[in-house]
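**Q** Pasted the sequence and its predicted model underneath.
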Amino acid sequence: MENIALKASGITKYFHDPVTFPVLKNIDLEVKQGEFVSIVGKSGCGKSTLLYVLSTMDRDYEGKLEINGKMATGSTLNELAYIRNSSIGFVFQFHYLLPDFSCLKNVMIPGLRLGKLSPKEVEHNAYEKLKMFGVEDLALKQSSKLSGGQQQRVAIARALINDPAIIMGDEPTGNLDSKNTRIVFDLFQQLTKEFHQTIITVTHDDDFAHKSDRIIEMADGEIVK
C-alpha cells in the first residue's frame, strides 16, 4: 500500500466579508508520498486558499487534515509551527530570502529554528542542498546579488533543509522567465523521481502543470477534475 503524505477530508472554509460565503466546499484530497501534484483553476477559485489550509497556516476551516500520518486539525499553535518547520517546505512566487544574508545563511535559517542539529551540522547540510542545485559557488554571496533564477534555486534549497515530507509551492515559477521556469520544474521533477519528495504546487502555468504527475482542477471552491 502506498504511503499517504497528505489527506484532507471534508475541508470547508468560509469568508465573511462583506457577507458570509463558502470559498472551499467539502474538499477531499489525498496526495501520495513521492507524488508531484499541481492545483490549477481560474483566479478566485480557491486554490491558494486551499494550499494555505493544507500547509496549516490557515486554521479557520471545517474538516480534517492529516500530514505524514499525523492529525494536524485541532493542534495548538506551537504544535502546528513544529509541523510546518519539520514536515513542510515552502516555495513561494517571491523567494523571500533575506537580502543582507549570504545564500548559505538563508538556507540554514529553518534548520537552526528547528534545533534538531548543531549549527555546524545545519551549515554542512545547507551547503549540500546548494550543491544539489548547482549553486554551491554562490554560498557566501549575498542573496540580493543573485539573478531571479538563482534566488529561486536557493529558496528551494532552503525549503529542503529540514528534509520535509512535503514541499508546497504557491506559484513557484510566477516571477521567472521560460528558461528558469524549466530549470525549477526540472529540479522539482528530480526531487520526486530521485528522492521521492512529495510536491504540491498551485500554478497558473499550464505547461508546468501538465508535466507534473497529477493535475487537480478547481472551480468555485470545489475540485472538479
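**A** Perfect, thanks for sending it.
**Q** Where do the helices of the chain begin and end?
**A** All helices of the chain, identified by DSSP state H, fall at 47-54, 77-87, 103-114, 119-132, 148-160, 178-195, 206-211.
**Q** Q93: which of the ones you listed is closest?
**A** Nearest to Q93 among the helices of the chain is helix 148-160 (9.3 Å), distances taken as CB to CB. Any C-beta I mention is one placed from the backbone N, CA and C, and that applies to glycine too.
**Q** tell me which strands and helices the closest one is in contact with?
**A** Applying 3 or more CB pairs under 8 Å, 6 or more residues apart in numbering; DSSP states H and E, we find helix 148-160 packed against strand 88-92, helix 103-114, helix 119-132, strand 166-170, helix 178-195.
**Q** Show me which parts of it are buried, residue by residue.
**A** 149-160 (16 or more other CB atoms under 10 Å).
**Q** And E121, how far from I161?
**A** For E121, the distance to I161 (CB to CB, to the nearest Å) stands at 11 Å.
**Q** hang on, I meant H95
**A** 14 Å.
**Q** cool, I200 as well?
**A** Counting by CB to CB - I200 and I161 are separated by 18 Å.
**Q** do the same with L97
**A** Distance of L97 to I161, given as CB to CB: 13 Å.
**Q** Tell me which residue lies nearest the centroid of this protein.
**A** With distances taken as CA atoms, centre = their mean, M168 lies nearest the centre of the chain, 1.5 Å away.
**Q** Nice, that's everything, thank you.
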